[in-house]
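Chemist: Sequence isn't available, so here's the structure alone:
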């Protein structure tokens, strides 16, 4: 099975940009920096309040300075056939996420047929709410063992 933690669960042919088009735009993407080689990262001055808004600000600032840039092309790369169409899925919605709109997370979770839980967290629940993350992973594992 699959466990999504505040993540994109795209359908075939979708991109990160197109999948979120029906949801309110998030401020974080106004602070996306792209260099001349096509690498993107979140402006470190805006990272703490958008990516890790429920962590200690000092920890979030360290994360901001250590973030590894990704290729900006991932934003418009189309997804292939998703595994959630053939595998059981679980989804942990982060209700305070400012990187993927919580309503978009709920929509992707429902569309994928995922067993869904919610946690009051930023985009990094594995840091701010590790017990909730562990619980959903264990629930998925227990279901797989019983199958």
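Modeler: Yes, it's here. Everything numeric in this text was worked out from a predicted model, so none of it was measured. Numbering: from 1, shown residues only.
Chemist: Can you name the residues that contact residue 12?
Modeler: Counting by Cβ atoms under 8 Å, 6 or more residues apart in numbering, residue 12 makes contact with 78-82. Yep, even glycine has a C-beta here, placed from its N, CA and C like the rest.
Chemist: hmm, try it at 10 Å
Modeler: 78-82, 85 (Cβ atoms under 10 Å, 6 or more residues apart in numbering).
Chemist: Mind putting the residues you listed into JSON lines with distance to residue 7 and secondary structure?
Modeler: Converted to JSON lines, the contacts of residue 12 look like this (distance: Cβ to Cβ, whole Å; DSSP: H, G, I helix; E, B strand; the rest coil):
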{"residue": "78", "distance to residue 7": "17", "secondary structure": "coil"}
{"residue": "79", "distance to residue 7": "12", "secondary structure": "coil"}
{"residue": "80", "distance to residue 7": "16", "secondary structure": "coil"}
{"residue": "81", "distance to residue 7": "17", "secondary structure": "coil"}
{"residue": "82", "distance to residue 7": "12", "secondary structure": "coil"}
{"residue": "85", "distance to residue 7": "16", "secondary structure": "helix"}
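Chemist: Put the buried members of these into a PyMOL selection.
Modeler: Per 16 or more other Cβ atoms under 10 Å, the buried members of these correspond to this PyMOL selection:
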select buried, resi 79+82
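Chemist: Let's have the contacts of residue 12 in CSV, adding distance to residue 63.
Modeler: Conversion of the contacts of residue 12 to CSV gives the following (distance: Cβ to Cβ, whole Å):
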residue, distance to residue 63
78, 29
79, 27
80, 30
81, 33
82, 29
85, 33
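Chemist: ok, of the contacts of residue 12, which one's closest to residue 44?
Modeler: Nearest to residue 44 among these is residue 79, at 28.8 Å by Cβ to Cβ.
Chemist: Fine by me, thanks again.
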